[in-house]
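A.B. asks: Model the following, please.
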Amino acid sequence: MVQYCCMQKNTQTMDKIISLCKQRGFIYPGSEIYGGLANSWDYGPLGVELKNNIKQRWWKRFVQDRDDMVGLDAALIMNPRVWAASGHLSNFSDPLVECKKCHMRFREDDDGIAAVASTLPRNDRSESVIASEAKPARSWPPFGRQSRNQKHCPQCGGELTQPKQFNLMFKTFIGPAEESADVVYLRPEIAQAMFVNFANVLRTTRKRLPFGIASQGKAFRNEITPGNFIFRTREFDLMEFEYFIDEKDWKKWFEYWQKEMKDWITKDLGLNPKKVHEVEVPKEDRAHYSKRTIDFEYEYPFGQKELYGLAYRADFDLKNHMKISGQDLQYTDTESGEKFVPHVIEPTFGADRSVLAAMVEAYHEEEVDGETRAVLKLPKWLAPIKVAILPLSKKDELAKAARPIYDELRQYFVCEYDETQSIGKRYRRQDEIGTPYCVTVDFESLDDKMVTVRERDSMKQERVGIKELHNYLVDKLV
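C.D. replies: Modelled structure (predicted):
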């Protein structure tokens with residue numbers, strides 16, 4: 001008998017998810033053998049599969065299945081003039097204050113000040129402390145905020161300095177000498193490559209408005225207050241596209257992509273619509289380029305926070321790149337012959353936040369025959385392992401029957417073969433990593449040529465012929 005626990009998504013739940021991620025190979029603390037690096041995380045074998053599933057499905061839905069979208073994979077390091085044109089060199093900063101006594105640094109915002117998490121390891125830190133010690137900040141800092149002008153350090157009571165702007169871009173150098181002429185930056189967003197390649201894409205693909213350029217990849221921000229596990233990190237994966245339009249159509253396309261994003265969140269990623277909120281960002285909190293922004297926020301265990309963003313960037317980027325570069329980035333209408341700078345709608349999806357939200361949504365605890373079963377009820381397409389092949393014991397005759405089944409199915413699905421521990425413990429392990437189906441080969445299989453297929457969520461079992469197994473699973477998984 002199964003009894004479903006009414007679990008509140010709270011900090012304790014977050015601790016359990018973080019622990020599961022490490023113990024089962026989804027996400028590990030970065031540089032762990034050297035004491036770690038605060039807010040640095042590595043995706044393990046299962047985490048890589050899950051994250052890649054998200055990126056591949058996103059790419060298929062928004063690029064490959066559409067006629068009005070093309071892809072781009074751009075360099076991480078760009079000419080510094082790109083960031084001058086985009087406004088990052090002058091605007092991409094957070095207000096920072098420092099204690100004159102203990103020299104602890106803090107981010108200043110509407111809620112007072114938030115401590116900067118040290119990037120150096122502390123041997124006595126637990127994973128949950130590292131994950132939650134710093135208060136999250138917005139991914140693009142709003143301008144014109146008023147702080148509460150707190151004068152004293154919350155750590156030691158010392159006097160604080162006046163706030164100074166702290167640029168969030170990581171600076172590095174090209175060439176053997178650290179000279180100002182060689183200064184470059186790790187990209188803080190992936191959008192600018194799509195703008196600077198606009199003319200190249202237009203010329204080589206002959207696309208007509210409206211059309212989009214999509215990209216996926218790493219971005220880097222020297223966040224003052226990273227935290228909450230993989231919610232806010234200094235390096236992260238983005239999935240986004242710039243959708244180029246005629247200015248007169250911007251409201252229509254903004255609403256269109258607003259609906260498409262909501263469908264992805266609820267129908268593909270499988271998040272509960274009641275936990276997803278569309279928040280209109282006021283003018284004073286929007287990025288400097290945005291004429292309208294909506295944040296899609298999700299109810300994480302640590303509060304309602306941003307998941308994705310949708311922005312109307314108008315013609316800010318293309319116009320500035322035309323001005324700085326001197327290149328013509330206009331579009332010519334094939335019917336009227338009119339030349340103009342297109343406007344842009346930008347849907348932005350965080351791959352890491354997608355992973356986090358999907359795992360939070362999928363994590364359940366159930367009471368089964370007096371014991372607690374932890375299970376990740378991931379959408380089947382998202383599960384890192386689709387099918388587990390489990391011979392009832394290690395005996396040679398069962399392995400000889402189970403191995404060919406595994407070799408056959410792995411040609412079509414990501415599979416796992418496991419013959420260690422009792423069958424009950426192996427079921428629990430597969431439940432914890434979200435595997436939709438387990439195929440058990442027992443001694444009866446040697447005679448009747450049938451196997452037992454167990455479904456993850458209901459735990460129902462069904463005998464299926466070995467010859468029919470592939471088609472059976474295709475119907476369930478594809």
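
A.B. asks: quick one: low-confidence ranges for this structure?
C.D. replies: Applying pLDDT under 70 to the chain flags the ranges 1-9, 91-95, 103, 105-150, 165-167, 178-181, 224-226.

A.B. asks: Can you show me the helices along it?
C.D. replies: Chain-ordered helices for the chain, with DSSP state H as the definition, fall at 11-24, 45-59, 80-86, 88-91, 127-132, 191-196, 198-205, 250-263, 316-325, 351-362, 396-409, 423-433, 445-448, 469-477.

A.B. asks: Which strands or helices does the longest one pack on?
C.D. replies: The contact analysis (3 or more CB pairs under 8 Å, 6 or more residues apart in numbering; DSSP states H and E) places helix 45-59 against strand 211-220, strand 235-245, helix 351-362. (C-beta placed from N, C-alpha, C; glycine too.)

A.B. asks: packing partners for the last one?
C.D. replies: Taking 3+ CB pairs under 8 Å, 6+ apart as the contact definition, the neighbouring helices and strands of helix 351-362 are helix 11-24, helix 45-59, strand 235-245, strand 292-300, strand 303-314.

A.B. asks: And for the second one?
C.D. replies: Counting contacts by 3+ CB pairs under 8 Å, 6+ apart, the secondary-structure elements packed against strand 235-245 are helix 45-59, helix 191-196, strand 211-220, helix 250-263, strand 343-350, helix 351-362.

A.B. asks: for the helices and strands packed on helix 351-362, which one sits closest to Lys218?
C.D. replies: When these are compared for distance to Lys218 using CB to CB, the nearest one is strand 235-245, at 5.8 Å.

A.B. asks: Show me which parts of the closest one are buried, residue by residue.
C.D. replies: Residues of strand 235-245 classed as buried under the neighbour-count rule (16 or more other CB atoms under 10 Å) are 235-245.

A.B. asks: Check stretch 186-198 too.
C.D. replies: Across stretch 186-198, burial judged by 16+ other CB under 10 Å covers 186-196, 198.

A.B. asks: And stretch 404-412, what's buried?
C.D. replies: In stretch 404-412, counting by 16+ other CB under 10 Å, buried: 405-406, 409.

A.B. asks: of those, closest to Ile77?
C.D. replies: Nearest to Ile77, judged by CB to CB, of these is Leu409 at 42.7 Å.

A.B. asks: any idea how far the closest one is from Val387?
C.D. replies: Using CB to CB, to the nearest Å, Leu409 is found at 6 Å from Val387.

A.B. asks: Now do the shared contacts for those two.
C.D. replies: Counting by CB atoms under 8 Å, 6 or more residues apart in numbering, the shared contacts of Leu409 and Val387 are 415, 439, 473.

A.B. asks: residues touching the first one, list them.
C.D. replies: Which is Cys415. Contact criterion CB under 8 Å, 6+ apart gives 385-389, 406, 409 as the residues in contact with Cys415.

A.B. asks: Among the residues you listed, which one has the most neighbours?
C.D. replies: The member of the contacts of Cys415 surrounded by the most neighbours (other CB atoms under 10 Å) is Val387, with 27 neighbours in all.

A.B. asks: For the helices of the chain, give me JSON lines that also has distance to Met169.
C.D. replies: Below are those laid out as JSON lines (distance: least, CB to CB, whole Å):
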{"stretch": "helix 11-24", "distance to Met169": "29"}
{"stretch": "helix 45-59", "distance to Met169": "24"}
{"stretch": "helix 80-86", "distance to Met169": "7"}
{"stretch": "helix 88-91", "distance to Met169": "6"}
{"stretch": "helix 127-132", "distance to Met169": "24"}
{"stretch": "helix 191-196", "distance to Met169": "12"}
{"stretch": "helix 198-205", "distance to Met169": "22"}
{"stretch": "helix 250-263", "distance to Met169": "27"}
{"stretch": "helix 316-325", "distance to Met169": "17"}
{"stretch": "helix 351-362", "distance to Met169": "19"}
{"stretch": "helix 396-409", "distance to Met169": "47"}
{"stretch": "helix 423-433", "distance to Met169": "37"}
{"stretch": "helix 445-448", "distance to Met169": "59"}
{"stretch": "helix 469-477", "distance to Met169": "43"}
